[in-house]
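> structure here, sequence nowhere to be found:
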């Protein structure tokens, strides 16, 4: 298994993470059903069988039902917990009687969210608590004190960030005693700004790029694990009908299919292998509830792309040769 930055803290973490947003029956307030529980049970079983042991949640997923149905599976089989690394995210609040949709990294909300996460998941601790979005009103010292309390209480073992740029990570890391071990970002063949900002350094043609200069470099310099959400672009290059898509998407999909034949593996494995070849040692977060696709993703270890194949995929996906 490839050595990842997260292995300093969680030595047995799998190279892929399973994202649990698809569990829980949908973005409604309807109660969970037996079918929802059965789906969660079969998905979790399949994920573990393929060698993935890290599970990613957020308190907002399916309005909390993703964590709730996951917790029901653990209630029925408590021995599963010791086989898992569980992380969850907090900090996004939907509109309610108290205000509009907002980000909240206040001490009181982090504590309340953590307690509710643990209750829904039916676990005494989180392996990783991730701050979901940068709150413009966040105070690093306040957050630092809160995370220290959660750590000392045994409720959370490690902490991380999501959707934060290098300057925000550095601001928080300076105050927080515990290391911030992950930053989860949207990286994929369809969202290329994380690569584009580097190749357009000093070039005005890159003025349209919005990613955040130095975010990957900060993570690499500080042994922070980069996790990628949206890494499979909702299956765009893995067999979907792309006849109405752009030329670049069609050409990229065709090349992914060609490489899957060359390596005798799945198209999902090719897409993930492209992402994982980057020296930031990205840890992709996959979220399909299709059991066959979960297996297809686990085949990534069969693929060793060449530099030329990596660049060919990059060039096709961006729709133009490099500047």
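Looks like it came in fine. Keep in mind that what you see is a predicted model, and the values were worked out from it rather than measured.
> quick one, helices of the protein?
34-49, 65-76, 107-121, 140-152, 166-175, 193-199, 215-221, 247-262, 267-276, 291-298, 307-318 (DSSP state H).
> what's next to the fourth one, contact-wise?
Right, the one you point to is helix 140-152. Here helix 140-152 makes contact (Cβ atoms under 8 Å, 6 or more residues apart in numbering) with 105-107, 110-111, 114, 129, 131, 156-157, 159, 171-172, 174-178. The way it works is simple: take the backbone N, C-alpha and C, and place the C-beta from them, glycine included.
> what lies in contact with the helix or strand of the chain with the lowest mean pLDDT?
When each helix and strand of the chain is scored by mean pLDDT, DSSP states H and E, helix 193-199 comes last, with a mean of 92. Outside helix 193-199, the residues that touch it by Cβ under 8 Å, 6+ apart are 185, 187, 206, 209-213, 215-216, 314, 318, 322-323.
> and which of these is nearest residue 88?
Checking the contacts of helix 193-199 against residue 88 by Cβ to Cβ gives residue 185 as the nearest, at 17.3 Å.
> the closest one: neighbour count?
25 (other Cβ atoms under 10 Å).
> chain center to the least confident helix or strand of the chain: distance?
19 Å (Cα atoms, centre = their mean, to the nearest Å).
> could you list the low-pLDDT ranges of the stretch 201-323 of the chain?
In the prediction, the stretch 201-323 of the chain carries no residues with pLDDT under 70.
> before we move on, back to that, and the contacts of helix 140-152, which are buried?
Among these, those scoring as buried are 105-106, 110-111, 114, 129, 131, 156-157, 159, 172, 176, 178 (criterion: 16 or more other Cβ atoms under 10 Å).
> list just the nearest of those to residue 236.
residue 131 (29.1 Å).
> one step back: mind listing what's buried along the least confident helix or strand of the chain?
Quick answer for helix 193-199 (16+ other Cβ under 10 Å): 193, 194, 195, 196, 197.
> so what's the residue count around the closest residue to residue 203 other than its chain neighbours?
Once flanking residues are discounted, residue 203 sits nearest to residue 323: 6.2 Å by Cβ to Cβ, 6 or more residues apart in numbering. Residues near residue 323, counting by other Cβ under 10 Å, number 9.
> shouldn't residue 323 be in contact with residue 202?
No - if you go by Cβ atoms under 8 Å, residue 323 and residue 202 don't touch, sitting 10.7 Å apart.
> dump the helices of the chain to a markdown table, plus distance to residue 10.
Converted to a markdown table, these look like this (distance: least, Cβ to Cβ, whole Å):
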| stretch | distance to residue 10 |
| --- | --- |
| helix 34-49 | 16 |
| helix 65-76 | 19 |
| helix 107-121 | 17 |
| helix 140-152 | 15 |
| helix 166-175 | 18 |
| helix 193-199 | 24 |
| helix 215-221 | 16 |
| helix 247-262 | 31 |
| helix 267-276 | 18 |
| helix 291-298 | 19 |
| helix 307-318 | 27 |
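> out of those helices, deepest packed?
Among these, the stretch with the highest mean neighbour count (mean count of other Cβ atoms under 10 Å) is helix 267-276, at a mean of 25.
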